[in-house]
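# can you look at this prediction? I've put the sequence above it.
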Amino acid sequence: MTPTRTALLACTFALCATAQAQTSVKPGLWEMQSKMGGNPQMDQAMAEMQKQMAGMPPAQRKQMEDMLAKQGMAMPSAAAGGGMNTRLCITPEMAAKQDLPVQEKGDCTNTVTSRSGNVVKMSFVCKNPPSSGEGTYTFNGDTAYTMKMQMKSMHQGKPQNMTMDGSGKWLAASCGNIKPVK
């Protein structure tokens, strides 16, 4: 798996794990920011991915937007400081049932390891590609959070360590044209 694909998988995992870790989220449109680090190859891959996304031909960009929309997400965009932003929709039914998105790719298992006040600690293990990590999420009610995550994976037989810093905020009760996460 290339560093770019690993970065995309890790970003998607972090977005989904964040929603899953919280016991009470406000339904609606969420914007989530994440920034990968801790690995020069990963930093370079993320910069290249952002450059490719910015230079996509309109037809290819539309195809990518449609694919992500089917999964309940908007096309990621560059964030200040080299990170990425994405938006996703959580329905009232999903929030009420705590039936929130989970990472399906990679055959991943998520575990909440502790909860104390507004802090949730979790860990994950994925089989494909082999990777693992742990993170801490600090929630500000049901409308915002910050997170820090450490991840370990393999690339071309070599171990890689990565970090991810992120945040999320509730934007609106209506998701507009962004379909709910499936």
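Done, it's in. Residues are numbered from 1 along each chain as shown.
# quick check: residue 167 vs residue 145, distance?
For residue 167, the distance to residue 145 (Cβ to Cβ, to the nearest Å) stands at 7 Å. Using the backbone N, CA and C atoms, a C-beta is placed for each residue, glycine as well.
# check residue 26 too.
Taking Cβ to Cβ, one finds residue 26 at 11 Å from residue 145.
# strands of the protein, start to end?
Assigned by DSSP state E, the strands in the chain fall at 28-37, 77-78, 84-90, 108-116, 119-127, 130-139, 144-155, 158-172.
# neighbour count: residue 26 and residue 145, which is higher?
The residue with more neighbours, out of residue 26 and residue 145, is residue 145; 24 against 17, by other Cβ atoms under 10 Å.
# list the contacts of the spatially closest residue to that one that is not a sequence neighbour.
Leaving aside its chain neighbours, residue 145 sits nearest to residue 139 (4.7 Å; criterion: Cβ to Cβ, 6 or more residues apart in numbering). Shown in contact with residue 139 (Cβ atoms under 8 Å, 6 or more residues apart in numbering): 22, 118, 119, 120, 145.
# for these, which one is nearest residue 130?
residue 120 (24.6 Å; Cβ to Cβ).
# that closest one - how many residues pack around it?
23.
# any idea what it is bridged to?
residue 115, residue 137 (DSSP bridges).
# was I right about it contacting residue 134?
No. At 11.4 Å, residue 120 does not count as touching residue 134 under the criterion of Cβ atoms under 8 Å.
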